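Undergrad: compute the structure for the input listed below.
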Amino acid sequence: MAIFASMGDDYKTQESRKEYAEYLLDGLHFVYEDPDDEEQPGAFLSEFILRIFATHLNAIHGHEKVDTLDTMMLGHQTSLALTTAAAERALILARDGLILDCEPSDNMKKKHTRLH
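TA: Below you'll find the model as predicted:
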């Protein structure tokens, strides 16, 4: 996951990524800016969600605007909800040790190893 790579050396090992993913999933910490603030936890303002959402916004910049998807929600709200759902699934994969490590030189041979 690119998000772990962008966070420095603290999350280079599978074990450190598992522990961090478990922490973020507990109580949905990955969603909130300050999960300990019961009055204003800052839903959808965590650095984790904002980095992923910013990547999405950069990717769609200049493309045709979609105001609504069949949910009758505004496009950015829908995108933020989908970002959050995808982030949760990715964290579950990291927590459960199901992220595969790809050696770039092996891409044509499709050799992948499960990280432990």
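Undergrad: what residues sit buried inside the helix or strand residue 76 falls within?
TA: Take DSSP states H and E as the rule and residue 76 turns out to sit in helix 75-95. Residues 78-80, 83-84, 87, 90-91, 94-95 are the ones in helix 75-95 that count as buried (16 or more other CB atoms under 10 Å). Where you see a C-beta, it was placed from the backbone N, CA and C, and this is true even at glycine.
Undergrad: cool, stretch 51-59 as well?
TA: So, applying 16+ other CB under 10 Å, buried residues of stretch 51-59: 51-53, 56.
Undergrad: can you add distance to residue 44 and secondary structure and give those back as TSV?
TA: Compiled in TSV, the buried residues of stretch 51-59 are given as follows (distance: CB to CB, whole Å; DSSP: H, G, I helix; E, B strand; the rest coil):
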residue	distance to residue 44	secondary structure
51	12	helix
52	11	helix
53	8	helix
56	13	helix
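Undergrad: how about the buried residues of helix 75-95 in a markdown table, adding distance to residue 62 and pLDDT?
TA: Shown next, in a markdown table, are the buried residues of helix 75-95 (distance: CB to CB, whole Å; pLDDT from 0 to 100):
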| residue | distance to residue 62 | pLDDT |
| --- | --- | --- |
| 78 | 19 | 79 |
| 79 | 15 | 81 |
| 80 | 20 | 86 |
| 83 | 19 | 87 |
| 84 | 24 | 91 |
| 87 | 24 | 90 |
| 90 | 26 | 90 |
| 91 | 30 | 92 |
| 94 | 31 | 89 |
| 95 | 35 | 92 |
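Undergrad: so which of those comes closest to residue 9?
TA: Within the buried residues of helix 75-95, distances to residue 9 taken as CB to CB reach their minimum at residue 94, with 16.7 Å.
Undergrad: pretty sure the closest one contacts residue 25?
TA: No: the criterion here is CB atoms under 8 Å, and residue 94 misses it with residue 25 at 9.2 Å.
Undergrad: from the buried residues of stretch 51-59, which one has the minimum pLDDT?
TA: On pLDDT alone, residue 56 ranks lowest of the buried residues of stretch 51-59, at 79.
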